[in-house]
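J.: sharing a model that was predicted from the sequence below.
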Amino acid sequence: PKGKMAFTGKYEFEGDENYDAFVQKIGLPSDKVDMGRNCKIVTEVVQNGNDFTWTQHFPGGRTTTNSFTVGKEADMETMGGKKFKATVKMEDGKLIADFPNYRHTAEISGGKLVEVSAHRSRVVHKKQRKPSR
């Protein structure tokens with residue numbers, strides 16, 4: 001299949017839309033809100049067929065990693081640190097995961113990692129990450 005390893009790479013923050021409205025809707029604690037807003041997280045994705053390791057590298061050395069196989073239930077962690085189970089799907093080249101109170105999609109578009117988190121209230125947070133040099 002075309003683009004089988006399309007996600008593999010390191011991506012740094014380039015820009016986002018609607019962050020504050022979105023994190024208020026999902027109830028993120030204010031210390032995490034500030035950290036997420038101002039921090040230049042590097043996202044590292046390793047894709048091996050349908051197996052993914054998705055790591056967020058935070059300034060100061062903290063990391064969170066979600067490992068999953070498309071179509072199989074996996075233990076995941078939200079940006080607020082909550083643990084949950086999700087089955088990640090692949091549709092039209094997009095990874096789709098249902099988090100506890102929002103749907104997260106990720107795709108590679110124009111060589112960039114584009115992530116969209118949509119709360120059921122229709123508040124949408126969009127992040128764009130460019131390849132890290």
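T.: On my side now, so go ahead.
J.: which parts of the chain are strands?
T.: Here the chain has its strands, by DSSP state E, at 9-17, 42-48, 51-57, 63-69, 73-77, 83-87, 89-91, 94-99, 102-109, 112-119, 124-131.
J.: right, so of the ones you listed, which gets closest to Gln24?
T.: Counting by Cβ to Cβ, Gln24 lies closest to strand 112-119 out of those; the figure is 9.5 Å. Backbone N, C-alpha and C define where each C-beta goes, glycine included.
J.: buried ones in the closest one, by neighbour count?
T.: The neighbour-count check on strand 112-119 (16 or more other Cβ atoms under 10 Å) flags 112-117, 119 as buried.
J.: swap in stretch 121-129?
T.: Quick answer for stretch 121-129 (16+ other Cβ under 10 Å): 123-129.
J.: ok, of those, which one's closest to Thr8?
T.: Taking Cβ to Cβ as the measure, Thr8 lies nearest Arg129 of those, at 13.5 Å.
J.: just give me the neighbour total for the spatially closest residue to the closest one that is not a sequence neighbour.
T.: Distances taken as Cβ to Cβ, 6 or more residues apart in numbering put Tyr11 closest to Arg129, at 3.5 Å, once the chain neighbours are dropped. Using other Cβ atoms under 10 Å, Tyr11 has 23 neighbouring residues.
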